[in-house]
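Engineer: Can you look at this prediction? I've put the sequence above it.
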Amino acid sequence: MRQAALLVNRVISTGEPAGIGPEISLAAAVEFLHEKSDARITLLGSNQLLRLPGDLSPELSDRLQIQDVELTTASVPGVLNSQNAQYVIYLLNLAIDDCLQGRFDAIVTAPIQKSIINDAATPFTGHTEYLAQRCHIAHVVMMLCAQLPAGFLGLPSPRDLRVALVTTHLPLKEVPQALSTELILDTIQIVNRDLREKFGIEKPMIQMAGLNPHAGASGYLWREELDIISPAIESARKMGIQVSRHYPEDTMFDAESIAEGDAFIAMYHAQGLAPFKFVTVGNGVNVTGGLPIIRTSVDHGTALNIAGKGMAESGRMLEALRLAYQLAVNKRKQH
């Protein structure tokens, strides 16, 4: 029986077996367990890819488990093989199901190679959409999180930067047609709820982006801001949610907004993630909002060029573990 104070994280450690997922997951798990004595981690993946350090203490060994899952075929670092695509999907399914059943408090996912999964005739656009499908949720939200240091843009103290997306993996030409007042309002509600329940922010402030240059220039540069985005903002305000007006995308991330806002909502992928990744230098953690479970992930790819060479840096996976831990603790406090 799990102790009440014990966090159990399920990590899909291998992700893409030819990438850096196995090595960064194992390294980050060991470091994280040194930090948190009330944590337990299970790594999902092949024993061929995951070997516990020989000098691991008995106490840490008890809290770090490897659940062996057999590869479909032998994996070579840096060499993709679509035969292992179903292995990757199986790891993900196993982690989701166990978390839904309450065996684990959170999922932390290592990078995968979408092209290989699609090459194996399994349609796959990304973790976010797949998690929604498996959890039977119509709409989930991709949100990236990182801490900005004191002094950045004059910030007097460190500040968390969170950027959520209304649409995710869509061609840019399809974004205007995909947007609706209902979708934007639902995104605002999901972000607001997760900020309160998972991030522990009592009264979040959400900053909104427009879609067009100069936020549509009062309708002279098209009308999505007037006809779609503004009605969603007004509806959210009537629900008691603190949400800004829609800002032009080239000025929404100013110093004042970062200092006052608890999250930004962008209309499409590059609008939100290009500035986020520029200022955080790729050190973000990906959180899937709106799920009945907690899921975090690193904000980088499989890095096939350095896989298996001992060059992979595990700091971003460690940050994903830290955030998953904190979200789980915050969620428990709500119950």
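Structural biologist: Good, I have the coordinates.
Engineer: Spatially, which residue comes closest to residue 70, not counting chain neighbours?
Structural biologist: residue 46 (6.3 Å; CB to CB, 6 or more residues apart in numbering). The way it works is simple: take the backbone N, C-alpha and C, and place the C-beta from them, glycine included.
Engineer: Could you double-check that that neighbour sits in contact with residue 67?
Structural biologist: No. When contacts are counted by CB atoms under 8 Å, residue 46 is not listed as touching residue 67 (10.2 Å).
Engineer: Please identify which of the two sits among more neighbours.
Structural biologist: The neighbour count for residue 46 versus residue 67, taken as other CB atoms under 10 Å, is higher for residue 46 (21 against 17).
Engineer: Local confidence estimate at the more buried one?
Structural biologist: pLDDT, residue 46: 96.
Engineer: quick one: it from residue 302, how far?
Structural biologist: The span separating residue 46 from residue 302 equals 16 Å under the rule CB to CB, to the nearest Å.
Engineer: what do you get for residue 191?
Structural biologist: The separation that residue 191 has from residue 302, given CB to CB, amounts to 28 Å.
Engineer: more neighbours, those two?
Structural biologist: Each of residue 191 and residue 302 had its neighbours counted (other CB under 10 Å), and the higher figure belongs to residue 191 (28 against 22).
Engineer: Now the more buried one: closest residue in space that isn't a chain neighbour?
Structural biologist: Excluding its sequence neighbours, the residue lying closest to residue 191 (CB to CB, 6+ apart) is residue 164, at 4.9 Å.
Engineer: Direction included, what does the helix or strand hosting the one you found pair up with?
Structural biologist: Using DSSP states H and E, residue 164 maps to strand 159-165. In the sheet, strand 159-165 lines up against strand 141-148 (antiparallel), strand 263-266 (parallel) (DSSP bridges).
Engineer: Of these, give the one that comes closest to residue 283.
Structural biologist: Residue 283 lies closest, by CB to CB, to one member of the strands paired with strand 159-165: strand 141-148, at 5.4 Å.
Engineer: So what's the gap between that closest one and the chain middle?
Structural biologist: The offset between the C-alpha centroid of strand 141-148 and the centroid of the whole chain comes to 7 Å, using CA atoms, centre = their mean, to the nearest Å.
Engineer: what do you get for stretch 191-210?
Structural biologist: What separates the centre of stretch 191-210 from the centre of its chain is 15 Å, taken as CA atoms, centre = their mean.
Engineer: Stretch 221-236 now?
Structural biologist: Computed by CA atoms, centre = their mean, the separation of stretch 221-236 from the middle of its chain amounts to 27 Å.
Engineer: What are the buried residues along that stretch?
Structural biologist: Applying a neighbour-count criterion of 16 or more other CB atoms under 10 Å, one finds 224-225, 228-230, 232-233, 235-236 buried in stretch 221-236.
Engineer: Show the end-to-end separation of that stretch, please.
Structural biologist: Across stretch 221-236, the straight-line distance between its terminal residues is 25 Å, by CA to CA, to the nearest Å.
Engineer: Go ahead and flag the most central residue of the protein.
Structural biologist: Note on the chain: the residue nearest the mean C-alpha position is residue 286, at 2.0 Å, using CA atoms, centre = their mean.
Engineer: so what's the residue lying closest to it once chain neighbours are set aside up against?
Structural biologist: Taking CB to CB, 6+ apart, and ignoring the residues beside it in sequence, residue 286 has residue 297 as its nearest neighbour in space, at 4.2 Å. When the contact criterion is CB atoms under 8 Å, 6 or more residues apart in numbering, the partners of residue 297 are 108-111, 127, 285-286, 320.
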